[in-house]
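Novice: Just the structure for this:
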Amino acid sequence: MYEKDELTSLASFSTIMRVLKKDPNFNKYCTQHRVKKGTKVVLDKNRKDCYLLEAGFVKYNYIGQSGPGLFFVIPQGRFVSLPFFKDQFIVHGELTALNDLIWWKIDVEYLRKLLLLEDPRNFIVLDYAIQLGYYLYIMTKKYYLSAEHRIYFSLQRCSEVGIRIAENQIELPSFLTYDLLAEFSGTSKGYTSTVLGELRDKGILLSSKKPWIITDVAWLDGILEVEGLARS
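Specialist: Okay, here's the model as predicted:
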């Protein structure tokens with residue numbers, strides 16, 4: 001078994017880029033792109049490229065009749081998509097840029113051959129598989145929560161990519177809005193506003209202007225830990 005952060009460090013963005021740049025064909029098969037906020041990209045089973053997120057946040061929605069509400073947010077430094085087997089992507093969906101971002105578009109066959117050579121113990125693919133498994137777990141767990149606790153959970157997830165500004169206080173990412181939080185939580189905007197108002201009254205949240213700030217992270221974590229959703 002690995003330590004909590006050991007595998008992540010072995011598959012970090014800097015490690016992946018170092019592996020890719022070892023090959024003389026790097027510039028032929030790996031291209032860097034700036035993507036505007038709101039841009040949508042559909043990923044299907046026939047794609048020949050994967051994406052490595054350098055900066056920004058991406059929402060990954062599942063496609064199909066069961067797709068609405070089934071999504072996760074990918075932070076910078078992570079693969080957006082990565083096949084486990086040759087020519088086989090197991091997750092199909094639509095990407096939405098939550099803010100202006102930078103990603104690397106990488107030829108899958110080139111990446112596969114390079115990882116076989118440079119990462120024979122599969123640290124990079126294993127790290128991605130564990131992260132994807134966690135996303136699937138929280139999507140399933142979330143829909144057993146009450147509407148109120150889904151909003152708490154969405155705030156907690158967003159706080160994990162926020163900025164810790166003081167002990168027990170986190171500044172939430174700038175892309176978060178009432179509409180987006182309601183979408184994350186599977187609730188109406190009106191109900192989401194009501195719950196956030198209650199959190200403000202309790203002194204848990206500052207959201208009258210950007211950036212939003214959770215002023216009592218421990219309170220939020222304590223509520224969700226009882227639900228089996230401790231901070232990752």
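
Novice: Going by C-alpha atoms from here, please, whenever you check contacts or count neighbours.
Specialist: Fine.

Novice: Tell me which helix or strand G77 sits in.
Specialist: For G77, there is no host helix or strand (DSSP states H and E).

Novice: What does it show for phi and psi?
Specialist: The phi/psi pair for G77 (degrees, to the nearest 10) reads phi 90, psi 0.

Novice: Could you look up the SS state of the nearest residue to T192 once chain neighbours are set aside?
Specialist: With sequence-adjacent residues excluded and distances taken as C-alpha to C-alpha, 6 or more residues apart in numbering, T192 is closest to A182, at 5.8 Å. A182 falls in the helix class when you classify it by DSSP: H, G, I helix; E, B strand; the rest coil.

Novice: What is the burial count for A182?
Specialist: Neighbours of A182 under the rule other C-alpha atoms under 10 Å: 20.

Novice: before we move on, what about the one 4 residues further on?
Specialist: As a burial measure, G186 scores 19 neighbours (other C-alpha under 10 Å).

Novice: Could you check how far S12 is from Y128?
Specialist: 10 Å (C-alpha to C-alpha, to the nearest Å).

Novice: Determine the residues that are contacts of both of these two.
Specialist: Shared contacts of S12 and Y128, defined by C-alpha atoms under 8 Å, 6 or more residues apart in numbering, are found at R78.

Novice: Compare those two (neighbour count), which wins?
Specialist: Y128 (22 against 18).

Novice: Just confirm that one is within a helix.
Specialist: Yes - using three-state DSSP, the assignment for Y128 is a helix.

Novice: helix or strand right after the lowest-mean-pLDDT helix or strand in the chain?
Specialist: Least confident helix or strand, the chain: helix 6-10 with a mean of 81, by mean pLDDT, DSSP states H and E. Downstream of helix 6-10, the first helix or strand assigned by DSSP H and E is helix 13-21.

Novice: and that following helix, what's its mean pLDDT?
Specialist: The average pLDDT within helix 13-21 is 94.

Novice: what's the spacing between the helix or strand following that helix and its chain's center?
Specialist: Using DSSP H and E, the next helix or strand after helix 13-21 towards the C-terminus is helix 26-29. Offset of helix 26-29 from its chain centre (C-alpha atoms, centre = their mean, to the nearest Å): 26 Å.

Novice: Give me the pLDDT for K4.
Specialist: Note for K4: predicted pLDDT of 66.

Novice: what's across from the most centrally placed residue in the chain in the sheet?
Specialist: Against the mean C-alpha coordinate of the chain, by C-alpha atoms, centre = their mean, the closest residue is I74 at 2.0 Å. For I74, the beta-bridge partners under DSSP bridges are V58.

Novice: Compute the distance between it and K36, please.
Specialist: Using C-alpha to C-alpha, one obtains 16 Å as the distance from I74 to K36.

Novice: quick revisit: which secondary structure elements does the least confident helix or strand of the chain sit against?
Specialist: Judged by 3 or more C-alpha pairs under 8 Å, 6 or more residues apart in numbering; DSSP states H and E, the packing partners of helix 6-10 are helix 123-142.
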